[in-house]
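**Q** I'll drop the sequence and a predicted model, then ask my questions.
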Amino acid sequence: MDIARAHVIVAGRVQGVWFRASTRDVAVELGLAGWVRNLPSGEVEAVFEGPRDRVDRAVAWCRTGPSAARVDRCDVSWEEPQGEPPFRIRHR
């Protein structure tokens, strides 16, 4: 199984619109490890680890987010997997 790690920064109207909780729900549904958190800049940062096809699906979801969000930019960097625990919301 090809395990991948994507580090994502999402900008736009992405705080106060259930982006983190929705991201967690998507990641858990896909069986991914990692985390999501708000950044002081107003962006949302997430890390997804798991099978490449599922990580790709989570990244694709981040490009639109939940219905109340407006995603202006979604930057993705691919990194070496680090063995993240089950997906969670981080608070800083």
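**A** Arrived safely, thanks for sending.

**Q** Regarding the residue lying closest to residue 87 once chain neighbours are set aside, what is its secondary structure?
**A** Spatial nearest neighbour of residue 87, excluding adjacent residues (CB to CB, 6 or more residues apart in numbering): residue 27 at 4.0 Å. Where you see a C-beta, it was placed from the backbone N, CA and C, and this is true even at glycine. Classification of residue 27 by DSSP: H, G, I helix; E, B strand; the rest coil places it in helix.

**Q** Can you say which helix or strand has the most centrally placed residue in the chain in it?
**A** Nearest to the mean C-alpha position of the chain, by CA atoms, centre = their mean, lies residue 46 at 3.7 Å. Following DSSP states H and E, one finds residue 46 within strand 44-51.

**Q** what pairs with that strand, and is each one parallel or antiparallel?
**A** strand 3-13 (antiparallel), strand 33-38 (antiparallel) (DSSP bridges).

**Q** next one: the longest one to chain centre, how far?
**A** Distance of strand 3-13 from its chain centroid, counting by CA atoms, centre = their mean, to the nearest Å, is 5 Å.
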